[in-house]
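> My questions concern the predicted model and sequence given below.
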Amino acid sequence: MPRREWRTAIALALAIKAASLLCLYAGYRLVPQAGYGADLWIVRPGVSFVDHLANFDGAWFARIAALGYRRLAAGDYDLAAETRRLRVMDQLGYDQARWPPAPGSARFDRGYGYRHWPLLPGLIRAASASGLDPVHAGVALSNLFTVGYGILLYYLVRLDHEKKTAVLAVALSQLHPGAYALSAVFNESLFLVLAAGAMVCARRGRWWAAGALAMIAAVSRIDGAILAVPLCYEWLLARAREDGRDGFAGVLGASNLRRAFHGFIELPGVWWALLIPLGTLSVIVYFYAITGDALIWTRVHEVNVHGHVNWPWLMMMETYEKGPEIWMKELPLHAVLLLTLVLSFRKTRGSYWAWMLVFFLYHASNANHSYLRYQVQCLPMFIALAQVLGRWRWLAALALISFAALFALFAALFINGYWVA
């Protein structure tokens, strides 16, 4: 990509980031704060705009960085003192962090710290060592990662498509209705910059670098191991093209898979792919080392009323039964991804299509009500959407305006403490 286009990519990522933060700040100033009738830190008077960027899960990342998993679970700290130091502390969070639950107590949302994987808290802790406040460090890191992601996504699209498609893909990805998470102390932006970097390395044939970045991404989020699917597809595609084959039939054909198997047993082959599950395994080993329970992250998920999986159609029905305040912001997004899968079949890159399919099946099978921001992680959806919408300028404009309007709505709700995802 020419140097001038790198400047375009950087300017685009910075401009959208500035617009996103400005939208969040406008919501903070103009929309009244939520009222919970309890002493929750996010609804206390005088909480700063930057602190509000650590709403909900963001506070947990800051708490883990400052106190660690074990102290949060044991309650072994002075809540009043830590509230003065961190600000994002309250009695509800203190109770939710405790693990195991006391005998006879309600088991909803306990051990909450163990539901958040350790890479982002570790980076916040490292940044805090330089003197930064944990919340401020988290906000700075999240926004830096988002800018990096925007630049890498632009480059990734330009490997296959023209400039206008790259611009549209970046704009859609960072003005998605749940993209407020890319400005908050959440780990979506960290995962995405690593995922985009891994895919760029794969496209350039740097397989060990791709595997290493995907391994690190798997330490950031439980579903980071999904990256093994598009990366291995790219590796198979490279083998198929050596014989002049392409498409799903060529990549997944018996002769190419046999050749891939020989490539696996002959070093270096595809051994780089084994790095990816090592990322997940390292988190499991870490949790075992500090708790004695390698699967504690599954225990605390299961005690949540929404902590289970089932067939996608049953989960969709369950989402609908949660009421319109949930399904109206989730089911349409599932439909957008499903429609994108249909319309982009055999039109978008095979690795991107496979990535979208696995992403859809994973999240459609998982009972949660945070899909609004989870879908932001589906990097290939924005590439495929930009391809499909780019054929009709009016439709691309309509989609972008719709995304931006919904982003403004949910950003204003999020920044003021209304639960949106």
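Done, it's in. Numbering: from 1, shown residues only.

> what does stretch 149-160 rub up against?
For stretch 149-160, the external contacting residues (C-beta atoms under 8 Å, 6 or more residues apart in numbering) are 1, 5-6, 8-10, 12-13, 16-17, 165-167, 169-170, 173-174, 182, 189, 192-193, 196-197, 199-200, 203, 349, 379, 382-383, 386. Where C-beta positions appear, they are placed from N, C-alpha and C, glycine not excepted.

> Which entries within those meet the buried criterion?
For the contacts of stretch 149-160, a burial check counting by 16 or more other C-beta atoms under 10 Å picks out 8-9, 12-13, 16-17, 165-167, 169-170, 173-174, 182, 189, 192-193, 196-197, 199-200, 203, 349, 379, 382-383, 386.

> Would you verify that Thr45 is located in a helix?
I think there's a mix-up here, since residue 45 is Pro and not Thr. No. Going by DSSP: H, G, I helix; E, B strand; the rest coil, the assignment for Pro45 is coil, not a helix.

> Now do the same for Leu172: its pLDDT.
Listed pLDDT for Leu172 reads 97.

> Averaged pLDDT, stretch 247-254. What do you get?
Rounded mean pLDDT across stretch 247-254 is 72.

> Report the contact partners of Leu409.
Counted by C-beta under 8 Å, 6+ apart, Leu409 has contacts Pro177.

> And it, how far from Gly417?
15 Å (C-beta to C-beta, to the nearest Å).

> what residue ranges in the stretch 151-300 of the chain score low on pLDDT?
243-244, 261-268 (pLDDT under 70).

> At which residues are the helices of it located?
Assigned by DSSP state H, counting those that start in this stretch, the helices in the stretch 151-300 of the chain fall at 163-174, 188-203, 207-220, 228-241, 247-252, 254-265, 275-291, 296-302.

> could you point out the longest helix in the chain?
Secondary structure of the chain read by DSSP state H shows that its longest helix is helix 3-30.

> That one vs helix 163-174, what angle?
If you take axes from the mean of the first three to the mean of the last three C-alpha atoms, to 10 degrees, helix 3-30 sits at 30 degrees to helix 163-174.

> Next, report how far helix 3-30 is displaced from the centre of its chain.
The chain centre lies 19 Å from the centre of helix 3-30; the measure is C-alpha atoms, centre = their mean, to the nearest Å.

> Identify the residues contacting the nearest residue to Trp41 once chain neighbours are set aside.
Among residues not flanking Trp41 along the chain, Asp90 sits closest, at 4.6 Å (C-beta to C-beta, 6 or more residues apart in numbering). In this structure, Asp90 makes contact with 39-41, 83, judged by C-beta under 8 Å, 6+ apart.

> what do you get if the cut-off is 7 Å, keeping everything else the same?
39-41 (C-beta atoms under 7 Å, 6 or more residues apart in numbering).

> Ok, Phe186 next?
Phe186 is in contact with 57-58, 142, 373, counting by C-beta under 7 Å, 6+ apart.

> Those residues: which two are farthest apart?
Ser142 and Arg373 (12.4 Å; C-beta to C-beta).

> quick one: which of these two has more around it?
Ser142 (26 against 23; other C-beta atoms under 10 Å).

> Chain neighbours aside, what residue packs nearest to the more buried one?
Ser189 (4.9 Å).

> ok, that neighbour to Ala405 distance?
22 Å.

> Contacts only, for Tyr288.
Taking C-beta under 7 Å, 6+ apart as the definition, contacts of Tyr288 comprise Ala294.

> Next: the one 10 residues further on.
With C-beta under 7 Å, 6+ apart as the criterion, no residue contacts Thr298.

> So for Leu123, which of the helices of the stretch 151-300 of the chain sits nearest?
helix 188-203 (7.3 Å).

> Give me the below-cutoff pLDDT ranges for the stretch 301-421 of the chain.
303-310, 367-369.

> got a list of what the closest residue to Asp246 other than its chain neighbours touches?
Excluding the flanking residues, the one nearest Asp246 by C-beta to C-beta, 6+ apart is Ala240, at 6.5 Å. Ala240 makes contact with 246, 250-251, 256 under the criterion C-beta under 7 Å, 6+ apart.

> quick one: which helix or strand includes Leu385?
Element membership of Leu385 [criterion: DSSP states H and E] is helix 379-389.

> try Thr340
helix 324-343.

> same check, this time on Gln33
Using DSSP H and E, no helix or strand contains Gln33.

> Would you confirm that it contacts Val43?
Yes. If you go by C-beta atoms under 7 Å, Gln33 and Val43 touch, sitting 5.5 Å apart.

> Between those two, which contacts overlap?
Gly417.

> to the chain's geometric centre, what's the distance from stretch 288-299?
With C-alpha atoms, centre = their mean, you get 23 Å for stretch 288-299.

> Show the end-to-end separation of that stretch, please.
Taking C-alpha to C-alpha, to the nearest Å, stretch 288-299 runs 13 Å from one end to the other.
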